[in-house]
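In: Quick one: sequence plus predicted model below, questions after.
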Amino acid sequence: MHIRYILQVSLWNRRWTKGGSSRCPANHAFLSPLIAWAVFSLCLLLSPLQAQDLHITLLNGDCDGDNEVPLFDFGIVVNAFGSTPNDPNWDPRADLDGDLEVTLLDYGIVVRNFGAVGAEPFDPALPRQPAPSEGYALPGFIELEDWLGSSQPVRIEALREDDPEQIVYWMEVQSSEPFTLHLPQSGLWWVKVSGIPHALRAQRSAKKAYSKGDAVQVIVVYPSQEALPEGTVQYEKFGDGSVDDKPIPIHIHAFDYDDVTYTSSDGSVELKNREREKPSRLRAQWEIVNGGGSIAFLNPLGFDTAYIPPSLGAGESSRQVKLRCKIWDENANDPPRRDGNPDAIPPVPAAVTDVEFTLVKDPTIATIDCQAISDDGSAVSSAPIASGTASTDRVRLRFTFSARRNKTVWELYEVQWQVPWPGTASGDKGEIFTTEPIQPSEPHDFFNVTVSATFRRLKPILPPPPEPEYEYVRDTKTRRFPLCFSKTDHDEWQNIFRGISFMGERNPPNWFDAKPGHDGHWGHVLEGFDEIDPNLAGQYVVYYAPDAPTALRNWHAMFDWRGVCAPPGHEHSLGYRGRIYLFGGRITQPSDEAPLEYPSFLSAGGIDHVGRVVAHESAHRKLWLLPNNWEGFTEDEIGIPGWFFPGNPTAETGTGPPDEFYDRDGDGVRDRYEKTSAAERYHFAAPDHTLRFPNLDALYRYILPFTYSIARWWFGDQTIKNSAYIDLEMHAYLWGEWGEANTPFQGFRIGSKDADDWSIGGRNDY
């Protein structure tokens, strides 16, 4: 047992000195908790609020099966000490680790958990029912603390607190094997686990509940429907099936934000935010309301479709077409967050939108396309951008259009362009227009491009005249395009100032910077992104690095309180302590269409992902700088070089009481802060500063209840003893991820910056 505690201290210190970050990165590695005392166990789940994640460790030491660890269990181990199955004093109840021998390891388990009591079972009089095979999914696995034997059967029971029927749903799984528990709906479920020999019954509350939130929104991109004065509408014209039998493309966007609420076990704190529904859970259903024709196909990966128009009748000059799109929210895993009701009779869609246009017998312009190209003509992006991949690149915009015409009858005669920038027309009839280089100072905004195309055909005159006679048709269309920026392109102005780190000098990508006139750059939009601290080298708080250090390769960001990511030669220097680093290679990966998901996080992609990460790391920094906490990064505040006291319960400051220890319970929060009213509200617990520890065993027996105090309050589980649940992480997660009004930790509201996002793929890139 003594060796075990020494190992725990060693690994604790190793974790801080190796990574040097706050222990709650924006990205989490789900490492196996079965390696109970390896260094990886300290990084099991680096954020503790596992809303939909049922990784539960059952405390060991209950020899006689009464769901507590009193002196009787201690006596059973003592009586069987040193025995194996062939010895006369062998008692399998004393073999707490399952290695078929009663040793100091079994003795240590009882000592460590002495006095612990398991969770109370659900009322046995309540009806029990097997858990359904689909519904609200809670993935996870169950392990027995320090168990070395084979996997054991476990019974899981779940009860929804606010369900008037009070049905207990149950399932049986094997310990140490992944499983998924399905429940009828999300909400305030209590989950209890029992059944493994020697284990105390455990409980966990699944409190991440979803509701519908805002209605599903649909944006019709093409064809356009221009509103005119007096409430009239001018519909776009397309040649009918006699002019061209090719489909007409229909392009829309649909998106949905659902509310999500998270509540502490005692109901004293309720956190709210939003999450964007996966596009794959929204399905488009198209139908023709009037106008005839047919639907060509439905895009299986999106909401677009194509319409095949009919041929107009002999005496019919035009026809109005109306297509209707119904969006269905098909989130079967969490019915409370579904908009509409596909199971109703008749089914109710989540959203309905109409697309209208006019069919004519004349040739028309079908679509206008835009592409960003470099000086050599190679494509830079499918969407217009105002910046290049380097300062030497000169980006141009190339516009083309397609027409609906029967080429055996109609020919393109003349094309005229109206484009905001000068350029040159090319092609046989000028059907391609390429601008001069677009200046990087051009503001991000929508712009209009108008094309007028003249078509002609021979007049059907019999007998044919000596000279050909033509009839002409002219069509004019305007398309709106966004002038966006590319997230992964580098700064147009080559500003490397905020890209100086342990990796040397690197040019930050476009989304990183705030530029005059470029209000849509994420650095300009997100709160805290351009925070200034005059005590820091470079003054900015948030910096860019292309990738994380090797030891932190899966992290998206870090709050570097120690200065370990400082440029070479400046490691641990005061001016580099307290920076926040965003690792670009990881940050830019999740898009709005494929948000980053972790059970203990708010799902987010694109600008929301970056905003959530910045809010999370800023919460660490704000907590650190609060009065009565560390208050800064000088040696007087965090300890002499080489010690760095936060998170190290054995490091003495030498200042005497009441600051004899900076962080006696090793949770990354200063002891004197744990005595404040704010800490009391969030259930921090301050150790007794006057108590001396004769050895490491006594130290860890004393600090464990305090180290996990917030987690125990939040989950309502007083048996939590897992390094994933550290107070600092809980505190930063609560207010950095979710935010709370009128506090320094207001967080980031998912979807709040959509209207300001001018990146390619963002809301304005429609």
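Out: The structure has been received and is ready for your questions.
In: How about the closest residue to Arg338 other than its chain neighbours: which residues does it bridge to?
Out: The shortest distance from Arg338 to any non-neighbouring residue, by C-beta to C-beta, 6 or more residues apart in numbering, is to Asp329 (4.5 Å). Where you see a C-beta, it was placed from the backbone N, CA and C, and this is true even at glycine. Here Asp329 sits in beta bridges with Leu282, as judged by DSSP bridges.
In: what residues are up against Asp329?
Out: Counting by C-beta atoms under 8 Å, 6 or more residues apart in numbering, Asp329 touches Val216, Asp256, Glu277, Arg281, Leu282, Arg337, Arg338, Asp339, Gly340, Pro342, Ala350.
In: cool, Ile368 as well?
Out: Phe399, Thr400, Phe401, Val449, Val451, Lys477, Arg479.
In: Checking the second one next. Helix, strand or coil?
Out: Spelled out, that is Thr400. Taken by DSSP: H, G, I helix; E, B strand; the rest coil, the conformation at Thr400 corresponds to strand.
In: That one: how many residues sit nearby?
Out: 16 (other C-beta atoms under 10 Å).
In: tell me the pLDDT at it?
Out: What the model reports for Thr400 is a pLDDT of 95.
In: And for Glu442, nearest residue in space, chain neighbours not counted?
Out: Ala386 (4.5 Å).
In: correct me, but Gly668 touches Pro649?
Out: No - assessed by C-beta atoms under 8 Å, Gly668 is found out of contact with Pro649, at 10.5 Å.
In: Tell me who's in contact with Pro342.
Out: Contacts of Pro342 by C-beta under 8 Å, 6+ apart are Trp328, Asp329, Glu330, Val348, Pro349.
In: Distance-wise, check it relative to Gln174.
Out: From Pro342 over to Gln174 the distance is 36 Å, taken as C-beta to C-beta, to the nearest Å.
In: Can you tell me which helices and strands the top helix by length along the chain packs against?
Out: The residue-count maximum for a helix in the chain (DSSP state H) belongs to helix 606-625. Contacting helix 606-625 under the criterion 3 or more C-beta pairs under 8 Å, 6 or more residues apart in numbering; DSSP states H and E are the following elements: helix 522-525, strand 557-560, strand 579-583, helix 584-587, helix 727-732.
In: so which of these comes closest to Tyr673?
Out: For these, proximity to Tyr673 was assessed by C-beta to C-beta; helix 727-732 is nearest, at 10.0 Å.
In: In this structure Thr676 contacts Arg670, no?
Out: No - applying C-beta under 8 Å, one finds Thr676 not in contact with Arg670, separated by 10.0 Å.
In: So between those two, which is more surrounded?
Out: Arg670 (27 against 15).
In: Regarding the residue lying closest to that one once chain neighbours are set aside, what is its secondary structure?
Out: Distances taken as C-beta to C-beta, 6+ apart place Asn629 nearest to Arg670, at 4.8 Å, with adjacent residues excluded. Secondary structure, three-state DSSP: Asn629 is coil.
In: I'd assumed Gly668 was in contact with Asn629.
Out: No - when contacts are counted by C-beta under 8 Å, Asn629 is not listed as touching Gly668 (9.9 Å).
In: sec struct for Trp713, please.
Out: Classified using three-state DSSP, Trp713 is helix.
In: Can you pull the residues that touch both of Thr676 and Arg670?
Out: Asn628.
In: Return the residues in contact with Arg579.
Out: Counted by C-beta under 8 Å, 6+ apart, Arg579 has contacts Leu536, Val541, Val542, Tyr543, Phe559, Asp560, Gly563, Cys565, Ala566.
In: Need the per-residue pLDDT for the second one.
Out: Reading off the confidence values, Val541 has pLDDT 96.
In: wait, it sits on Arg621?
Out: Yes - applying C-beta under 8 Å as the test, Val541 and Arg621 come out as touching, 7.1 Å apart.
In: what do these two both touch?
Out: With C-beta under 8 Å, 6+ apart, Val541 and Arg621 have common neighbours Gly578, Ile580.
In: if you count what's nearby, which of those two comes out ahead?
Out: Arg621 (24 against 21).
In: Which parts of the stretch 101-250 of the chain are helices?
Out: Counting by DSSP state H, counting those that start in this stretch, the stretch 101-250 of the chain has helices at residues 104-112.
In: What ranges in it fall below the confidence cut-off?
Out: 226-231 (pLDDT under 70).
In: Please, where are all the strands along it?
Out: In the stretch 101-250 of the chain, the strands defined using DSSP state E, counting those that start in this stretch lie at 128-130, 136-140, 142-144, 153-160, 168-174, 179-183, 189-194, 202-206, 208-211, 217-222, 225-227, 233-235, 237-239, 248-255.
In: JSON lines for those strands, including mean neighbour count and distance to His55?
Out: Converted to JSON lines, those look like this (neighbours: other C-beta atoms under 10 Å; distance: least, C-beta to C-beta, whole Å):
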{"stretch": "strand 128-130", "mean neighbour count": "11", "distance to His55": "23"}
{"stretch": "strand 136-140", "mean neighbour count": "20", "distance to His55": "5"}
{"stretch": "strand 142-144", "mean neighbour count": "24", "distance to His55": "8"}
{"stretch": "strand 153-160", "mean neighbour count": "20", "distance to His55": "13"}
{"stretch": "strand 168-174", "mean neighbour count": "17", "distance to His55": "13"}
{"stretch": "strand 179-183", "mean neighbour count": "19", "distance to His55": "11"}
{"stretch": "strand 189-194", "mean neighbour count": "21", "distance to His55": "11"}
{"stretch": "strand 202-206", "mean neighbour count": "22", "distance to His55": "9"}
{"stretch": "strand 208-211", "mean neighbour count": "21", "distance to His55": "15"}
{"stretch": "strand 217-222", "mean neighbour count": "17", "distance to His55": "36"}
{"stretch": "strand 225-227", "mean neighbour count": "11", "distance to His55": "51"}
{"stretch": "strand 233-235", "mean neighbour count": "12", "distance to His55": "56"}
{"stretch": "strand 237-239", "mean neighbour count": "23", "distance to His55": "56"}
{"stretch": "strand 248-255", "mean neighbour count": "20", "distance to His55": "32"}
